[in-house]
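> Pasting a predicted model and its sequence here:
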Amino acid sequence: MPRSGDTYSLPAGTAAVSGATANSSHVNERFADLEAEQNLARPISAGGTGAASPSGARAAMGVEIGVDVQAYDADLAAIAALASAANKMLYATGAGTWSMADFTAFARSLLDDADAATALATLGAQPADAALTSLAGLSLAAGDLLYATAADTLVRLPKGTAGQLLSMNAGAGAPEWVDRPGWTWLSTVNVTSGSTAQTIASGLPANISEVYIRFRGVSLNGAGSILVQFGTSGGLVTAGYHGGGGGSGGVTSSTSGFVLYLNGAAQTTSGNMRAIRVSPHVWSEQANNAEMTGLNFMVSSIGEVNLAAELTQIAVIPSSGSFDATGVGEWQVGYRM
């Protein structure tokens, strides 16, 4: 065989000599050699593949499918047809079809987060919270209030109506809207001429928030003032009052009761006193009354007292002398819860 490696060469003596007689066996041998050469796999250096089969040719040429090159794939062909660009990513639009989408720096910063907590921090999001989940399940309307019925369990309290107050229900387990309590008025108490003390309210219920005392035509037989004393189930509180009262006719103060100032004997006065509970047993008072006989001037007073227990009774006493019958003389107490 006249091939050395990938190079084919004519055997020696192949060339014809002018005038020489050709030997048929010698000629036929050369043709047989050429025929054999032409039927062999042509080497790569001679423009062939060096193989007798397609798979052998691919292997010889270093393009074996699955080893050197990727087999044809519709997805890869679709991707190859796309034009890549910065900040883009691939996504499938169907079987064997693909497109490009924006892939921003922020999106990449989120995708490189190792866990949910880190991703939430990147997003600036609130971590999951049971109370917030409970809140998210509510449908709120304008004016609604929220309160908890248990740990991390919220419910809505619809808004109340005009004038209502927010209070705890009977079981003290939840808030509710209630109508503002109205005034409860006790019977009128007439002044007893000559008396040095009169109870104008007794048996008052617990948890009163406000007291209103109306008086008309009250007078004394001396030049003192009228003291209003609050009391508990243990008796009247006769000390510890802070405050006083007065007007253009003068001023006075007392630690024995709330002051209703009078400027002389037989001077009738009318007006009102209002006391508000400012803490469990502390009451703050303010009063306005008018001298209606002779002098005709306005008087006011303020005061405070700590009863140390529930208010149950109210009495009035002259700071000196006694009540007299110059005026009509009556008292009336009202309260609300």
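Thanks, I have the structure now.
> Residue 31 sits in which helix or strand?
Residue 31 is part of helix 24-39, with elements assigned from DSSP states H and E.
> correction: residue 289
Using DSSP H and E, residue 289 maps to strand 282-291.
> Tell me where the model's unsure across the protein.
Flagging of the chain using pLDDT under 70 yields the residue ranges 1-8, 10-13, 22, 36-37, 40, 45, 47, 249, 292-297, 327-328.
> got the contact list for the residue positioned nearest the centre of it?
The chain has residue 132 as the residue nearest its centroid, 6.9 Å off, counting by C-alpha atoms, centre = their mean. By C-beta atoms under 8 Å, 6 or more residues apart in numbering, the contact list for residue 132 reads residue 126. Any C-beta I mention is one placed from the backbone N, CA and C, and that applies to glycine too.
> on that earlier part again, toward the C-terminus, what is the element adjacent to the strand holding residue 289?
Per DSSP H and E, the first helix or strand lying C-terminal to strand 282-291 is strand 298-306.
> roughly how far out does that next one sit from the chain middle?
From the chain centre to the centre of strand 298-306 is a distance of 44 Å (C-alpha atoms, centre = their mean, to the nearest Å).
> Now do that strand: which elements does it pack against?
Counting contacts by 3 or more C-beta pairs under 8 Å, 6 or more residues apart in numbering; DSSP states H and E, strand 298-306 packs against strand 242-247, strand 258-260, strand 269-279, strand 282-291.
> Check the gap between residue 155 and residue 134 for me.
8 Å (C-beta to C-beta, to the nearest Å).
> An error on my part: the question was meant for residue 112.
Residue 112 sits at a distance of 33 Å from residue 134 (criterion: C-beta to C-beta).
> Who has more neighbours out of those two?
A direct count of neighbours by other C-beta atoms under 10 Å for residue 112 and residue 134 places residue 134 higher, at 18 against 10.
> residues in contact with that one?
Contact analysis of residue 134 by C-beta under 8 Å, 6+ apart lists 152, 153, 154.
> Which ones among the residues you listed lie within strands?
Under the assignment DSSP state E, the contacts of residue 134 contribute 153, 154 to strands.
> Just the buried ones from the contacts of residue 134?
Neighbour-count burial (16 or more other C-beta atoms under 10 Å) is assigned, among the contacts of residue 134, to residue 154.
> now the contacts of residue 134 as a markdown table including distance to residue 254?
Below are the contacts of residue 134 laid out as a markdown table (distance: C-beta to C-beta, whole Å):
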| residue | distance to residue 254 |
| --- | --- |
| 152 | 55 |
| 153 | 54 |
| 154 | 52 |
